[in-house]
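Asker: model this:
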Amino acid sequence: VERILLNQTNPDPELGDMRSVWVEDGSNAHPFLTDPVVWQAMSMAIDRNVIAEQLYGAGGVATCNILPGPPIVASTNNDACLTYGTDEMRAEANAMLDEAGIVDSDGDGIREYDGIPMSITYQTSTNAVRQSTQALIKQWWSEIGIETELRNIDAAVFFGGDPASPDTYGKFYSDVEMYTNSGSGTDPQNYMFSWRCSEVSGPDNNWLGNNVPRFCMEEYDELAGQLNETAVLEERAEIAIQLNDMLVQSGTFLPLVYRGNVSAHSNSLQGVQITGWDSEMWNIADWTRGE
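Answerer: Model prediction:
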């Protein structure tokens, strides 16, 4: 899933060593991205269908979930996001922010949250599709009074693990960032374990924790733990759906596109069966060459 991560911590450079560091008591939370009104308005402004259709084509479909498949674990509880991004929805987002008192008091086009201008940094790796996605979302967010500075970082640096670099996705020295990852195989357990409190990325693990947005919820950890004790497939799927909903409905992620892997094979090969959950060559023993 190509997704936007909302930093749950404060990335202000003036914080020094505490920049983007998760603190258990919540004292270093992001100044406004953890407010449900804010992240809901940001989500409502995004037209995921336009991103999927214009930038990904057959290679992706719009999604509202962090865990969109296999079908048995795909939640339908967040599907409203597929209707977002219209002029009417952005108008509704503006009205929602106005009602919450999050307004543009000085007329510069940028709303303020408790006196703080809602000006955010949005980073991702250097990639033509990602830069096009950034440009679209920047425009949509500007229409609800949020100013966005775009950054793109060389992929080798962005996805690197150098703890001295300020530009890695794990260090997350920005307000929001965007990338793709997924679980391996069809069972969701290891993937959903990524967002337990113990996995929070920070200085104690050299910024290499799987929980990059710094999401931490005791209820999530307890529910995830039940996967270790549950064997029935349908029951595991229900737990996975609940975990997905916690992540999405907490505003930690704004899922965008369920991306597909693109593969091809010669027309003369017979017996090839493509799966999204293993190597393209998983059944190579059954392949034959036709005439």
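
Asker: please name the residues that touch residue 197.
Answerer: Listed by CB atoms under 8 Å, 6 or more residues apart in numbering, the contact set of residue 197 reads 211, 216, 217, 218, 221. Any C-beta I mention is one placed from the backbone N, CA and C, and that applies to glycine too.

Asker: quick one: which of those residues is nearest to residue 290?
Answerer: Sorting the contacts of residue 197 by distance to residue 290 puts residue 211 at the head of the list, at 48.5 Å, by CB to CB.

Asker: for that closest one, grab phi and psi.
Answerer: When read as degrees, to the nearest 10, the backbone of residue 211 gives phi -90, psi 80.

Asker: for the closest residue to it other than its chain neighbours, what are its contacts?
Answerer: Counting by CB to CB, 6 or more residues apart in numbering, residue 211 lies nearest to residue 199, which is 3.8 Å off, once chain neighbours are set aside. By CB under 8 Å, 6+ apart, the residues touching residue 199 are 193, 209, 210, 211.

Asker: per-residue pLDDT, the first one?
Answerer: Predicted confidence (pLDDT) at residue 193: the value is 97.

Asker: need the three-state assignment for it.
Answerer: Under DSSP: H, G, I helix; E, B strand; the rest coil, residue 193 falls in the helix class.

Asker: change the start of the numbering to 47 and stick with it
Answerer: Happy to do that; since the first residue is 47 now, the last one works out to residue 239.

Asker: still on that earlier bit, what does the residue nearest to residue 257 show for phi and psi?
Answerer: Main-chain torsions, residue 245, degrees, to the nearest 10: phi -100, psi 0.

Asker: so what's it scoring on pLDDT?
Answerer: Residue 245 carries a pLDDT score of 98 in this model.

Asker: how much space separates it from residue 183?
Answerer: 27 Å (CB to CB, to the nearest Å).

Asker: equivalent analysis for residue 153, please.
Answerer: Separation of residue 153 from residue 183 (CB to CB): 24 Å.

Asker: could you do residue 217 as well?
Answerer: Per CB to CB, residue 217 is found 22 Å from residue 183.

Asker: residue contacts, the nearest residue to residue 235 once chain neighbours are set aside?
Answerer: Counting by CB to CB, 6+ apart, residue 273 is the residue found nearest to residue 235 once chain neighbours are left out, at 4.6 Å. Contacts for residue 273 (CB under 8 Å, 6+ apart) come out as 234, 235, 238, 239, 282, 285, 286.

Asker: what two of those residues are the furthest from one another?
Answerer: Top of the distance list for the contacts of residue 273 (CB to CB): 239 and 282, 12.9 Å.

Asker: and residue 337, what pLDDT?
Answerer: 68.

Asker: ok, now residue 231?
Answerer: In this model, residue 231 carries a pLDDT of 82.

Asker: ditto for residue 77
Answerer: The model reports residue 77 with a pLDDT of 97.

Asker: quick check: the gap between it and residue 71.
Answerer: For residue 77, the distance to residue 71 - CB to CB - is 16 Å.

Asker: got it, and residue 115?
Answerer: Distance from residue 115 to residue 71, by CB to CB: 37 Å.

Asker: with that, I have no additional questions.
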